[in-house]
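Engineer: Could you look at this predicted model? Sequence included:
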Amino acid sequence: MKIAVLPGDGIGTEIVAEAVKVLNALELPLELESALVGGAAYEVHGHPLPDATLKLAKEADAVLFGAVGDWKYDKLDRPLRPEQAILGLRKNLGLFANFRPAICYEQLVGASSLKPDLIAGLDILIIRELTGDIYFGQPRGRRIATDGNFPGTEEAFDTMRYSRPEIERIAHVAFQAARKRSRRVTSVDKANVLETFQFWREIVTEVGMQYPDVALDHMYVDNAAMQLVRAPKKFDVLVTGNMFGDILSDEAAMLTGSIGMLPSASLNSSNQGLYEPSHGSAPDIAGKGIANPLATILSAAMMLRFSLNQEEAAQRVETAVKTVLARGLRTADIFSPGTTQVSTVEMGTAVVKAL
Ligand code: NAD
């Protein structure tokens with residue numbers, strides 16, 4: 001089983017090193033190979049996604065990714081910015097389905113800004129479509145407006161679009177995922193205002209007819225944003241487009257108290273995937289040895305499950321993380337009085353020990 005390891009920038013290198021430690025401790029026939037990506041690759045090769053890195057990722061069964069980005073690259077032309085590496089990998093590997101679970105661990109209920117009874121036992125899955133929507137729709141650009149509220153002035157524009165096959169395939173992914181959970185799908189859209197999402201709603205409904213054992217409901221995105229903080233446990237699987245998914249998955253992440261705890265997976269139609277923590281490169285704490293490596297370690301568990309077909313190993317890693325939390329070990333971001341604060345490396349070592 002071949003894994004491309006792309007640590008990236010900021011805390012990326014620190015947290016990925018811990019996940020690699022955990023993978024190595026499993027004693028599985030894993031072949032890990034590392035390459036530069038993001039700002040780190042730009043510094044050496046002048047591009048955030050060098051050909052060699054892309055080749056390694058394409059040939060691997062899965063990619064373990066840290067994070068990319070730093071404020072110092074904000075002035076670069078868009079194609080050279082570190083974040084373009086993720087977009088390039090998604091595009092080249094055909095990764096269209098992003099899985100972002102938001103799980104509240106029993107020991108961390110107090111870390112949430114919501115009342116404990118709203119959050120205890122939370123286990124929801126947000127599935128975000130990754131290849132379409134306003135992020136990639138053409139045309140886009142800047143021009144002098146010929147109509148609108150201020151004709152004759154400078155304006156910028158993007159295009160929101162989704163094709164039938166794009167919506168169908170993400171809907172199938174959502175219904176299939178729901179079958180392994182509580183068999184409920186909420187499709188989030190803005191069908192009352194946007195043609196694109198009226199189309200989305202029609203197609204998700206059509207696909208849903210092939211899954212009579214899964215309950216489907218539809219919700220407008222503004223309401224979904226409210227319900228996520230009002231009664232998040234009423235959801236099971238949420239499926240939505242690229243932009244709404246971007247926003248709602250971050251909101252759901254914060255429900256659980258720490259972005260440092262949340263893994264993610266992006267899959268293509270042959271289950272090849274890219275696995276990364278939901279958070280970014282956290283330049284504010286990079287190099288201090290205090291980043292929480294658990295989101296990355298849990299991403300490695302998702303990789304074992306979805307791309308490498310190693311369900312038992314995935315569960316072992318998840319159980320080891322719970323054990324470490326139950327022992328009271330905490331990195332700074334999830335620390336609370338009465339628990340023991342540990343460094344990034346100490347947390348990784350504790351997970352290996354628990355394994
Ligand atoms: P961020 O997720 O990097 O950080 C937000 C806050 O959460 C910071 O205070 C940070 O210290 C904290 N945090 C994040 N991960 C943590 C961890 N594992 N342990 C402890 N604390 C953690 O988001 P940001 O600050 O908005 O962005 C920083 C950089 O990351 C930017 O350049 C951005 O473009 C990039 N970014 C990259 C990705 C990615 O690689 N997939 C995703 C989001 C942002």
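Structural biologist: Yep, it's here.
Engineer: ok, now which ones touch the residue in the stretch 1-150 of the chain that the ligand sits nearest to?
Structural biologist: Here the stretch 1-150 of the chain gets closest to the ligand at one residue, Gly69, 2.5 Å apart by C-beta to the nearest ligand atom. In this view, the C-beta of every residue, glycine as well, is placed from N, C-alpha and C. Counting by C-beta atoms under 8 Å, 6 or more residues apart in numbering, Gly69 makes contact with Asp9, Gly10, Gly38, Gly39, Arg81, Pro82, Glu83, Gly280, Ser281, Pro283.
Engineer: got the residues of the chain near the ligand?
Structural biologist: By C-beta under 6 Å from any ligand atom, the residues of the chain that approach the ligand are 11, 15, 67-70, 83, 86, 259-260, 276, 279-285, 291-292, 295, 333.
Engineer: Try it again at 5 Å.
Structural biologist: By the rule C-beta under 5 Å from any ligand atom, the part of the chain lying against the ligand is 67-69, 260, 279-282, 284-285, 291-292, 333.
Engineer: Could you dump those into TSV and include pLDDT?
Structural biologist: TSV is the format used below for the residues of the chain next to the ligand (pLDDT from 0 to 100):
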residue	pLDDT
Ala67	98
Val68	98
Gly69	96
Gly260	88
His279	90
Gly280	93
Ser281	97
Ala282	96
Asp284	96
Ile285	97
Ala291	97
Asn292	97
Asp333	91
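Engineer: so which two of those are the farthest from each other?
Structural biologist: Val68 and Asp333 (19.8 Å; C-beta to C-beta).
Engineer: And these two? Which one has more around it.
Structural biologist: Under the criterion of other C-beta atoms under 10 Å, the comparison of Val68 against Asp333 puts Val68 first, with 29 against 18.
Engineer: just checking, the more buried one touches Thr13?
Structural biologist: No: between Val68 and Thr13 there is no contact under C-beta atoms under 8 Å: 11.1 Å.
Engineer: Quick check: pLDDT value at the residue of the chain most remote from its centre.
Structural biologist: Going by C-alpha atoms, centre = their mean, the residue of the chain most distant from its centre is Gly152, 40.8 Å out. Gly152 carries a pLDDT score of 97 in this model.
Engineer: give me every residue that touches it.
Structural biologist: Counting by C-beta under 8 Å, 6+ apart, Gly152 touches Ile144, Ala145.
Engineer: helix, strand or coil for it?
Structural biologist: coil (DSSP: H, G, I helix; E, B strand; the rest coil).
Engineer: How about the residue in the stretch 251-355 of the chain that the ligand sits nearest to: what's its closest non-neighbour residue?
Structural biologist: The stretch 251-355 of the chain approaches the ligand most closely through Gly280 (2.5 Å), counting by C-beta to the nearest ligand atom. Computed as C-beta to C-beta, 6 or more residues apart in numbering, the closest residue to Gly280 that is not its neighbour in sequence is Ala67, at 5.1 Å.
Engineer: Give the buried residues for stretch 42-58.
Structural biologist: By neighbour count on 16 or more other C-beta atoms under 10 Å, the buried set for stretch 42-58 is Tyr42, His47, Pro48, Leu49, Pro50, Thr53, Leu54, Leu56, Ala57.
Engineer: should've said stretch 278-287
Structural biologist: Buried residues in stretch 278-287, counted by 16+ other C-beta under 10 Å: Ser278, His279, Gly280, Ser281, Ala282, Pro283, Ile285, Ala286.
Engineer: quick one: the strands in the stretch 101-250 of the chain?
Structural biologist: Listed in chain order, the strands of the stretch 101-250 of the chain (DSSP state E, counting those that start in this stretch) span residues 123-129, 141-144, 154-157, 184-189, 215-220, 237-240.
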